[in-house]
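Peer 1: need coordinates for the below:
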Amino acid sequence: MTIISKSIDHSFCFILISIILSILVLFTYLLIGNYDMKVYGIASDFDAKSKTPIKHVIVISQGKRSFDNYFGTFPGANGLPANLTVPLNPFPQPSAKFSVSVWFSTDNTLSKNGFLINKGGLGVDTPGKNMNYGIWMNIKGNIIAGFETKNGTDYKVGTNNTYNDGKWHNAIVTYNDTSVLSLYLDGILVAKNQTAGAIPEVNGNQTVRIGSNSFHLDNYFIGLVDQVRIWNRALEYSEVLNVYNNTYNRNEQLVHLSFNDTKKNITATSTSSTILLNGIYLNGSSYYDIENDSLQRVTYVRPFHLEKTKTDSPYDGSRAYKTSFNKGKMNGFPFSQTLNKKDPNLVMGYYDGRELPYYWQFATEFVLADNFFAPSMGTGLANHQYLYTANSVEYQKNIPFRGFIDLNKTIFDELQDSRQSWKVYVQDYDPALNYSNADVTKNRYLNLLAAIPRFVDNRTLNSNMVDLVEYYRDLRSKDFPAVSYIVAPHYDESSPRDVSKGQEFVYSLALALMKSKHWSDSVFIITYRESGGWYDHVAPPVINGQEYGFRVPTLIISPFAKKGYLDSTFYDVTSILKFIEYNYGLSPLSTRDAKANNMLNAFDFTQPPRKPPVLDSSSDQNSIQEDGVIIAKNRESIDKVNLVYLIVLLLIPSVAFVIWVVNKKRANLDFVQRT
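Peer 2: Numbers count the residues shown, from 1 in each chain. Okay, the predicted model is just below:
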């Protein structure tokens, strides 16, 4: 009887211990978050101090794309204008041989040379920046004309007669095949110069400007100008006379401009013809640039749909941006590619919802900012730095070519000082790739903190730079950080990378957030560093001397984001910093973020947090990366793991029960045998 009791006691204890272990394992399972508590509405008990219901801000910058390239045809957005055409070359072709004719009238004495017309102007003797041709008046009232060669050598012709007498005069300069530079005033040859074969500068892309230096704003003319004509050849003397007498040979004529200035409606006639001249009045600070529609034989290109999600990369250096901008005309994009031996048509390509279904669905469900600009006309690090520091210029002198960057203050310094949690999630994070490793030069645009010594050498700060795997784990815990930056170099959407891969990856990040318990108090912001050379039709503003870059796509995803809202507030990445600073009570990093527009217009905090929308079922085909393993975003694999986990939990007491039964039978059998 004692043996049976002891056997039963042992079995009972085993069962009791098994049940306790099962409960502990189940509690641990729930605690670490492998069970998706968000589905059942269990909220996080992590409470970041914030001025809005937003407790978690997640930001990802996906490289280089323009707004028109991604959302140029999105319904209602400030996208591509109907029937848009852009000249293949908005600048008049430079001419090795030329004739330039201009009528002018002035009774002013100029304080310095004043250009009637010029292409290239006066500046520095640098190839590509010299004058192709020009006619100007000096301080004595004499007329001078000529050109500069590629190396900056000047060739000029001029007259000692004065022409600031208040009458209308016609000036023509020609340069012919025999290398003779000639100047005609009122149909009379007044000067010529044999150049011995000199070739005018033909490599510049400066505009043709009337009334000022086309290299930079200077050398203003004061008076009236009218009937501007340019030929791609030298006129014969008989043709010069015909021009003075209002008869023109338009063979190889590139430009003809006739003005009628209603503000200064002065009519005059030439001494030998009844030509009516009204002219445009130039007041000493005004000028006129010849537009592309004044040019003859101009080839135009149009926006077109890109069917391939992986294309070549346009040239996107600072020079290309400046040429594309073309002083706010936004018509130099194809020509900027031609200058750098790239396909001039490619930059006019755009995607739509067929190639970017997830981004377009986000724009339909949440907020699309259609007035969000790159922070500067710079490229690479110059723009990327704004997302971390709200500044660039002050730090440029401290940025050598190697990986080391000495940044005094970043948004993460402010968060750390305010005891707000933060992390930078880096795809395939390698702590060894830091400022002390030469290889960081290729990664510093992506994980900027790795190039800053104090973030690498300080153990506390360094612990906040983690592998992207931690993002998915943290979403299942209660301690998801207040501010997160995501860095994923392999899924950057800059061409020639495949945009579909990039958007699927970003979609998986957003979907993981939506499936987590932190969705109800988070915002996920998708933006881009710069345009990458792709066409955009909106001219960037210049504010307080700061020239912004071209528009970039930006999506604001949150349960508090206005539904299907097009936010046309002026933003750039410093506006993201402004929102973070406002939300968590941080000080501004610089004057840029202090003056930036906050992103509050994108939200409606009077409404309860919206549930995640029903997303496209095709999202099941996407994948997310966790612990180095690709798992389906619909969590089928995770559900399988959950199922196995629960089966194991159930098996523990079951096995214990079987053992108890077996032990009991053995005990009974022993008892029978003994008796």
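
Peer 1: what about the residue lying closest to L475 once chain neighbours are set aside, how many neighbours?
Peer 2: Of all residues not flanking L475 in the chain, S516 sits nearest, at 4.0 Å (CB to CB, 6 or more residues apart in numbering). Every C-beta, even on glycine, is put in place using the N, C-alpha and C of the backbone. By other CB atoms under 10 Å, 24 other residues sit near S516.

Peer 1: you'd agree S516 is in a helix?
Peer 2: No. Secondary structure of S516 (DSSP: H, G, I helix; E, B strand; the rest coil): coil, not part of a helix.

Peer 1: spatially central residue for this structure, please.
Peer 2: Centre of the chain computed as the mean C-alpha position; nearest residue by CA atoms, centre = their mean is E530, 2.0 Å away.

Peer 1: that older thread, am I right that the residue nearest to L475 is in contact with D474?
Peer 2: No. Taking contacts as CB atoms under 8 Å, S516 lies outside contact range of D474: 9.0 Å.

Peer 1: for the protein, which residues score under the pLDDT cut-off?
Peer 2: Flagging of the chain using pLDDT under 70 yields the residue ranges 1-48, 261-275, 291-298, 393-404, 406, 438-446, 616-675.

Peer 1: could you pick out the longest strand of it?
Peer 2: Counting by DSSP state E, the longest strand found in the chain is strand 222-231.

Peer 1: can you name the element that comes right after it?
Peer 2: Going down the chain from strand 222-231, the next helix or strand is helix 237-244, by DSSP states H and E.

Peer 1: what angle separates the helix or strand following that next one from strand 222-231?
Peer 2: Beyond helix 237-244 on the C-terminal side, the first helix or strand identified by DSSP H and E is strand 253-257. Relative orientation of strand 253-257 and strand 222-231, computed by axes from the mean of the first three to the mean of the last three CA atoms, to 10 degrees: 150 degrees.

Peer 1: what helices and strands are in contact with whichever helix or strand comes after strand 253-257?
Peer 2: On the C-terminal side of strand 253-257, the nearest following helix or strand under DSSP H and E is strand 280-283. When contacts are defined as 3 or more CB pairs under 8 Å, 6 or more residues apart in numbering; DSSP states H and E, strand 280-283 sits against strand 222-231.

Peer 1: ok so, going back, tell me the bridge partners for the residue nearest to the centre of the chain.
Peer 2: Beta-bridge pairing for E530 (DSSP bridges): K64.

Peer 1: which neighbours do S516 and D474 share?
Peer 2: F480 (CB atoms under 8 Å, 6 or more residues apart in numbering).

Peer 1: output the contacting helices and strands for the longest strand of the chain.
Peer 2: Of the remaining helices and strands, those touching strand 222-231 by 3+ CB pairs under 8 Å, 6+ apart are strand 98-105, strand 114-119, strand 208-210, strand 253-257, strand 280-283.

Peer 1: for that strand, C-alpha coordinates in CSV please.
Peer 2: The C-alpha coordinates for strand 222-231 follow below in CSV (Å, rounded to 0.1, in the frame of the first residue of the first chain):
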residue,chain,number,x,y,z
ILE,A,222,18.9,101.0,-70.0
GLY,A,223,16.6,101.8,-72.9
LEU,A,224,14.4,100.2,-75.6
VAL,A,225,15.2,97.1,-77.6
ASP,A,226,13.2,95.6,-80.5
GLN,A,227,13.3,93.3,-83.6
VAL,A,228,15.9,90.8,-82.4
ARG,A,229,17.1,88.3,-85.0
ILE,A,230,19.8,85.7,-85.0
TRP,A,231,21.1,83.6,-87.9
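
Peer 1: beta partners of F524?
Peer 2: Where F524 sits in a bridge, its partners, by DSSP bridges, are I58, I557.

Peer 1: actually K119, not the one I typed
Peer 2: Applying DSSP bridges, one finds that K119 bridges with Y133, V208.

Peer 1: any idea how far G223 is from it?
Peer 2: K119 sits 20 Å away from G223, going by CB to CB, to the nearest Å.

Peer 1: what about the two, which has more around it?
Peer 2: Counted by other CB under 10 Å, K119 and G223 do not tie: K119 has more neighbours, with 28 against 24.

Peer 1: test my guess that that one contacts Q93.
Peer 2: No. At 9.7 Å, K119 does not count as touching Q93 under the criterion of CB under 8 Å.

Peer 1: find the residues that touch each one of the two.
Peer 2: By CB under 8 Å, 6+ apart, no residue touches both K119 and Q93.

Peer 1: which SS state does K322 fall under?
Peer 2: Following three-state DSSP, we place K322 in the helix state.

Peer 1: neighbours of it, just the number please.
Peer 2: As a burial measure, K322 scores 15 neighbours (other CB under 10 Å).
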